[in-house]
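Engineer: can't give you the sequence, but here's the structure:
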């Protein structure tokens, strides 16, 4: 995993995610770092049991959470 991702703050990680949304590896690594910083223990249902719109809404909410 890219160690510089750990040096980024949440806003920088969100920007990195936006810039690398078509690079599956880079996006996955950055998302893992961002989600590892999550403070609460709320668990979302498995994506397979959710509609595309529900999953999209969660991602949009999470990406805008610290703005």
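Structural biologist: Perfect, I can see it now. Computed from a predicted structure; not experimentally measured. Residues are numbered from 1 along each chain as shown.
Engineer: number of nearby residues for residue 55?
Structural biologist: By other CB atoms under 10 Å, the residues close to residue 55 number 14. (Each C-beta comes from the backbone N, C-alpha and C, glycine too.)
Engineer: got the contact list for it?
Structural biologist: Going by CB atoms under 8 Å, 6 or more residues apart in numbering, residue 55 touches residue 47.
Engineer: and if you look at residue 30?
Structural biologist: Counting by CB under 8 Å, 6+ apart, residue 30 touches 5, 13, 16, 17, 20.
Engineer: same thing with residue 2?
Structural biologist: 26, 29.
Engineer: what secondary structure does residue 21 sit in?
Structural biologist: Secondary structure, DSSP: H, G, I helix; E, B strand; the rest coil: residue 21 is coil.
Engineer: how about the closest residue to residue 5 other than its chain neighbours, phi and psi?
Structural biologist: Once flanking residues are discounted, residue 5 sits nearest to residue 33: 4.6 Å by CB to CB, 6 or more residues apart in numbering. Main-chain dihedrals, residue 33, degrees, to the nearest 10: phi -60, psi -50.
Engineer: Which one of the contacts of residue 30 is nearest to residue 64?
Structural biologist: When the contacts of residue 30 are ranked by distance to residue 64 (CB to CB), residue 17 comes first, at 11.6 Å.
Engineer: what's the burial count for the closest one?
Structural biologist: 20.
Engineer: where are the low-confidence patches of the chain?
Structural biologist: Within the chain, the segments meeting pLDDT under 70 span 1, 3, 40-45, 66-67.
Engineer: Any idea which residue is closest to the centre of it?
Structural biologist: For the chain, the residue nearest the mean C-alpha position is residue 31 (3.6 Å; CA atoms, centre = their mean).
Engineer: Could you measure from that residue over to residue 59?
Structural biologist: According to CB to CB, to the nearest Å, residue 31 stands 9 Å off from residue 59.
Engineer: picking that back up, residues in contact with the residue nearest to the centre of the chain?
Structural biologist: By CB under 8 Å, 6+ apart, the residues touching residue 31 are residue 17.
Engineer: Remind me which helix or strand it belongs to.
Structural biologist: In the assignment (DSSP states H and E), residue 31 maps to helix 24-36.
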